[in-house]
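1. Structure for the following, please:
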Amino acid sequence: MSLLNPDSTPQFGTAEYKGQPNLDRCKGCGQPIMGSYYRVGSNLACPSCADRLKREVPQDSHDAFVRALVFGVAAAIVALILYATLTILLEGVQIGYMSLGVGWLVAKAMMKGSNGIGGRRYQIVAAALTYAVVSMAIIPVGIYFYLRDDAKLHKPAVVQQQSSGSDNQSGDQQQGPNKTNPSLSFADLMTVLGRLALRGLMSPFYVVQRSAFGFVFLLILAIGIRIAWRMTAGTNEIAIYGPYEASQSASV
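-> Numbering: from 1, shown residues only. Okay, the predicted model is just below:
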């Protein structure tokens, strides 16, 4: 039976001994400590149980990290869409407390992808994704309001052009084919996207300049990042010390 299953065997989290109180026993199997032993927290374990525990604990790997990354990015995209949509529905008003939900969602997805494995690199990715979602959400919001306001601004001109289209039709035919605007080159497109990304990443600090509540917004964002950081620390790390010889006092 698994040493990690609390329903099947005793755990190393609490002290529990069987038989004679003065006899040191393994917390996993209950057998007396006769030779070498290990310490798992404040409890004792025989070499067999200690080795089994090491095998049962999920180990970090490249595949686990990649799965966590994929799940985290997917959750970040969903969070960005929800964040931007809610901001649009609120006519551009950003609710800082949504940062807490973003951090929780990203971290939860990463832990799901890694099967509970965490660590420093998981924490860094979760924190970066949380900040990226909150900061970059301003880009689709800004594009939406720009297109909406631009459509309202040019709507009268379009109507007037349609009403006078018959008068200008003959003149247009004499001028030949309409000239189209030159297409945007790939380099120009990358430049525009780069500037948008940079502005998006800096947007939380722009909030400080525009609003008296900007520092509160940054504080809540920091708390959301902290949530993601703590959740992706993982619980797979179990301190196992040893081996020690039974001649050394095994009693705590």
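2. which stretches of the stretch 101-250 of the chain have low pLDDT?
-> Across the stretch 101-250 of the chain, the stretches falling below the confidence threshold (pLDDT under 70) are 150, 152-184, 189, 192-193, 200, 206-212, 235-238, 246-250.
3. which residues of it fall in helices?
-> 120-136, 138-163, 165-174, 186-210, 214-231 (DSSP state H, counting those that start in this stretch).
4. Quick one: work out the angle between the first one and helix 214-231.
-> Interaxial angle, helix 120-136 versus helix 214-231 (axes from the mean of the first three to the mean of the last three C-alpha atoms, to 10 degrees): 150 degrees.
5. list the buried ones in helix 120-136?
-> 122-123, 125-127, 129-136 (16 or more other C-beta atoms under 10 Å). Placement of C-beta: from N, CA and C, glycine included.
6. Pull the residues that contact that helix.
-> When contacts are taken as C-beta atoms under 8 Å, 6 or more residues apart in numbering, the neighbours of helix 120-136 outside the stretch itself are 65, 68-69, 72-73, 75-76, 79-80, 83, 98-99, 102-103, 106-107, 110, 114, 197, 200-204, 221, 224-225, 228-229, 231-234.
7. which of those residues count as buried?
-> Buried, going by 16+ other C-beta under 10 Å: 65, 68-69, 72-73, 75-76, 79-80, 83, 98-99, 102-103, 106-107, 110, 114, 200, 203-204, 221, 224-225, 228-229, 231-234, out of the contacts of helix 120-136.
8. Now flag whichever of the buried residues of helix 120-136 is closest to R148.
-> Looking at those and their distance to R148, the nearest is M136, at 19.8 Å (C-beta to C-beta).
9. What's the biggest helix in this structure, counting residues?
-> Longest helix of the chain, by residue count under DSSP state H: helix 62-89.
10. Would you mind pulling up the elements that that one packs against?
-> Taking 3 or more C-beta pairs under 8 Å, 6 or more residues apart in numbering; DSSP states H and E as contact, the helices and strands that helix 62-89 lies on are helix 98-114, helix 120-136, helix 138-163.
11. Could you dump these into JSON lines and include distance to F213?
-> Conversion of those to JSON lines gives the following (distance: least, C-beta to C-beta, whole Å):
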{"stretch": "helix 98-114", "distance to F213": "13"}
{"stretch": "helix 120-136", "distance to F213": "15"}
{"stretch": "helix 138-163", "distance to F213": "16"}
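12. Which of the ones you listed sits closest to V216?
-> Ranking the helices and strands packed on helix 62-89 by distance to V216, with C-beta to C-beta as the measure, places helix 98-114 first at 11.2 Å.
13. mind exporting the closest one as CSV, just the C-alpha atoms?
-> This file holds the C-alpha atoms of helix 98-114, laid out as CSV (Å, rounded to 0.1, in the frame of the first residue of the first chain):
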residue,chain,number,x,y,z
MET,A,98,-9.8,40.3,-10.8
SER,A,99,-6.0,40.0,-10.5
LEU,A,100,-6.6,37.6,-7.6
GLY,A,101,-8.7,35.3,-9.7
VAL,A,102,-6.2,35.4,-12.5
GLY,A,103,-3.3,34.3,-10.2
TRP,A,104,-5.5,31.5,-8.8
LEU,A,105,-6.6,30.3,-12.2
VAL,A,106,-3.1,30.2,-13.7
ALA,A,107,-1.6,28.5,-10.7
LYS,A,108,-4.4,26.0,-10.5
ALA,A,109,-4.0,25.0,-14.1
MET,A,110,-0.3,24.7,-13.8
MET,A,111,-0.6,22.4,-10.8
LYS,A,112,-3.2,20.4,-12.7
GLY,A,113,-0.8,20.0,-15.6
SER,A,114,2.2,19.0,-13.5
